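Undergrad: task: produce atomic coordinates for the following.
(one chain, ligands or ions: 2)
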Amino acid sequence: MTILKFKEEMEPIIQQIDLTFINENVLCDSCLGRIFAKLGQGDTDAEGLTNDARGRAIHEMVELPSPASPSDCWLCEGIATDHPRMADLAISQMSDWEYDSFLVGSKFDPEIVEKEEMVWSQVSGEFSEPIKAEFNREVGKYIYSITKKDVEFNKPDIVAVIDTMYESVNLQIAPLFIYGRYTKTVRGIPQTRWPCRECLGKGCERCGQTGKMYQTSVEEIIGQHVIHYSDGNDHKFHGMGREDVDALMKGRGRPFVIEIKEPKTRNVPLDQIMKDIQDSNMGAGATEMRITNNDEVVKVKNARPEKQYIISGIIEGEFSEEKLKEVVVSLGGKIIEQRTPTRVKHRRADKIRKRQIKEISLLGLSGNIMSLAVTAEAGTYIKELVHGDDGRTQPSIAGELGVKVQIQELDVLEILDSKELGAE
Ligand SMILES: [Zn+2]
Ligand SMILES: [Zn+2]
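TA: Numbers count the residues shown, from 1 in each chain. Ligands and ions are numbered 1, 2, ... in the order given. I've put the predicted structure just below:
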């Protein structure tokens with residue numbers, strides 16, 4: 001069917017084309033057919049002709065020489081008929097890795113690319129396909145036929161770049177992305193790896209040759225277990241915001257995506273990983289883990305969820321419980337103005353942010369130690385809401401009470417991300 005269609009479309013065209021150049025520079029069937037690749041195309045890929053079949057059809061239509069062997073082809077020197085061997089080469093390289101999808105890329109001798117352009121200018125370039133596009137597609141088809149792994153253009157697990165000059169394969173392994181929520185049950189653990197400020201990770205006296213400001217992090221506690229099962233070589237951690245090093249992360253935990261570089265195994269036992277993290281008793285836990293992709297990294301990074309906190313502080317100065325309760329009630333629903341806090345001023349632009357306190361309540365008061373529950377918009381500085389930061393946050397608990405407040409502890413109780421709010 002398609003071969004007839006091709007010949008039909010080809011007939012008027014071949015009459016008008018000067019074939020002198022390909023009479024002198026003999027092409028294999030693939031290279032000949034590729035000049036007219038856009039003719040005789042089927043509706044689906046399976047219906048389409050190969051360029052090889054196109055070349056054979058052209059030979060039936062006009063008198064043209066054929067190379068004695070494929071390697072005598074003036075243009076490709078045999079590459080266009082060597083797809084199965086190149087596919088086998090890629091398959092054997094990829095066999096060390098677990099993958100469900102792949103894509104073939106290639107590198108060609110610049111001389112071949114130049115010769116191809118010569119053909120286009122001397123014969124016709126109107127209907128042609130580059131040799132590289134044909135190679136990538138045909139080798140991909142062979143790999144699929146053997147491995148049954150899918151060719152994937154968008155986010156393949158592996159890209160196999162075949163260098164046709166040196167017959168070598170360079171693999172690009174896509175990272176493995178795992179979504180989850182983490183909790184933190186021990187203070188003094190940062191969310192991500194924190195290299196020593198002094199030596200930037202090399203190891204010095206200050207950090208006791210560890211190269212770290214903190215001995216571990218949520219990232220490392222989770223990452224080491226995922227690395228163990230995926231046999232990856234490094235990790236990167238993307239959290240939906242972060243809490244202070246000295247704050248606990250409670251409730252369902254904070255959403256994150258951990259990225260594992262060059263994983264040998266992609267179908268990792270997530271339940272086992274979560275259990276191992278739990279059993280390691282390092283101060284962090286992970287729940288709700290599932291395999292995801294890098295789109296979710298963007299979502300997690302851009303989310304602006306409300307958060308619930310518990311904060312306790314020591315009130316220094318004269319106050320009455322009644323007045324304190326009054327102040328707390330007055331802040332509920334209030335939009336407060338926060339000038340960039342003194343403690344982060346050195347790394348953030350000095351400006352005034354308006355944030356809404358959604359809910360606030362006094363959980364307890366024992367002597368001059370108070371404990372508050374606060375639900376606030378993303379980006380609210382909670383410590384400053386309580387101690388006032390010398391008037392830089394207006395209004396604040398300390399400011400309204402006319403006292404000073406020393407923060408004791410701040411913990412994140414819940415991250416109210418979109419799913420929980422039912423917005424998604
Ligand atoms: Zn050829
Ligand atoms: Zn150091």
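Undergrad: can you name the residue of the stretch 151-300 of the chain nearest to ligand 1?
TA: As assessed by C-beta to the ion, ligand 1 sits closest to residue 164 within the stretch 151-300 of the chain, at 12.0 Å. From N, CA and C alone the C-beta is placed, and that goes for glycine too.
Undergrad: distance of that residue relative to residue 136?
TA: Taking C-beta to C-beta, to the nearest Å as the measure, residue 164 falls 11 Å from residue 136.
Undergrad: mutual contacts of these two, please.
TA: residue 106 (C-beta atoms under 8 Å, 6 or more residues apart in numbering).
Undergrad: wait, residue 225 sits on residue 279?
TA: No - when contacts are counted by C-beta atoms under 8 Å, residue 225 is not listed as touching residue 279 (9.7 Å).
Undergrad: of the two, who's got more company?
TA: Looking at residue 225 and residue 279 with other C-beta atoms under 10 Å, you find the greater number of neighbours at residue 225, namely 23 against 9.
Undergrad: in which helix or strand would I find the more buried one?
TA: If you go by DSSP states H and E, residue 225 is part of helix 218-230.
Undergrad: same check on residue 116?
TA: Going by DSSP H and E, residue 116 is in helix 110-122.
Undergrad: for that helix, buried residues please.
TA: Neighbour counts over helix 110-122 (16 or more other C-beta atoms under 10 Å) mark 112, 115, 116, 119, 122 as buried.
Undergrad: which strand or helix spans residue 172?
TA: Using DSSP H and E, residue 172 sits in strand 168-173.
Undergrad: helices and strands around that strand, which ones?
TA: helix 83-94, strand 158-163 (3 or more C-beta pairs under 8 Å, 6 or more residues apart in numbering; DSSP states H and E).
Undergrad: list the contacts of the next helix or strand after the first one.
TA: Translated: helix 83-94. Counting by DSSP H and E, the next helix or strand C-terminal to helix 83-94 is strand 101-107. Outside of strand 101-107, the residues within contact range by C-beta under 8 Å, 6+ apart are 90, 94, 132, 135-137, 139-140, 143, 149-153, 155-165.
Undergrad: can you list the strands that strand 101-107 pairs with?
TA: Here strand 101-107 has these sheet partners by DSSP bridges: strand 150-151 (parallel), strand 158-163 (parallel).
Undergrad: tell me the angle of that strand relative to helix 83-94?
TA: Computed by axes from the mean of the first three to the mean of the last three C-alpha atoms, to 10 degrees, the angle separating strand 101-107 from helix 83-94 equals 120 degrees.
Undergrad: would you mark the buried spots in strand 101-107?
TA: Under the neighbour-count criterion of 16+ other C-beta under 10 Å, strand 101-107 has 102, 103, 104, 105, 106 buried.
Undergrad: in stretch 299-314, which residues are buried?
TA: 299, 300, 305, 306, 307, 308, 309, 310, 311, 312, 313.
Undergrad: doesn't residue 259 make contact with residue 179?
TA: No - applying C-beta under 8 Å, one finds residue 179 not in contact with residue 259, separated by 10.7 Å.
Undergrad: and residue 126, what does it touch?
TA: Counting by C-beta under 8 Å, 6+ apart, residue 126 touches residue 38.
Undergrad: make sure it is indeed in a helix.
TA: No - according to DSSP: H, G, I helix; E, B strand; the rest coil, the state of residue 126 is coil, so it is not within a helix.
Undergrad: how much space separates it from ligand 2?
TA: 64 Å (C-beta to the ion, to the nearest Å).
Undergrad: geometric centre of this protein: which residue is closest?
TA: residue 294 (2.8 Å; C-alpha atoms, centre = their mean).
Undergrad: on that earlier part again, tilt between the strand holding residue 172 and helix 83-94?
TA: Taking the same axes, to 10 degrees, one finds strand 168-173 and helix 83-94 inclined to each other by 50 degrees.
Undergrad: check the secondary structure at residue 346 for me.
TA: What three-state DSSP gives for residue 346 is coil.
Undergrad: right, I mislabeled it, should have said residue 255
TA: strand.
Undergrad: what does the pLDDT read for the residue lying closest to it once chain neighbours are set aside?
TA: Excluding the flanking residues, the one nearest residue 255 by C-beta to C-beta, 6 or more residues apart in numbering is residue 240, at 4.3 Å. Looking at residue 240, its pLDDT stands at 95.
Undergrad: how about the backbone phi and psi for residue 240?
TA: phi -80, psi 80 (degrees, to the nearest 10).
Undergrad: go on, residue 82?
TA: Torsion angles, degrees, to the nearest 10, at residue 82: phi -110, psi 20.
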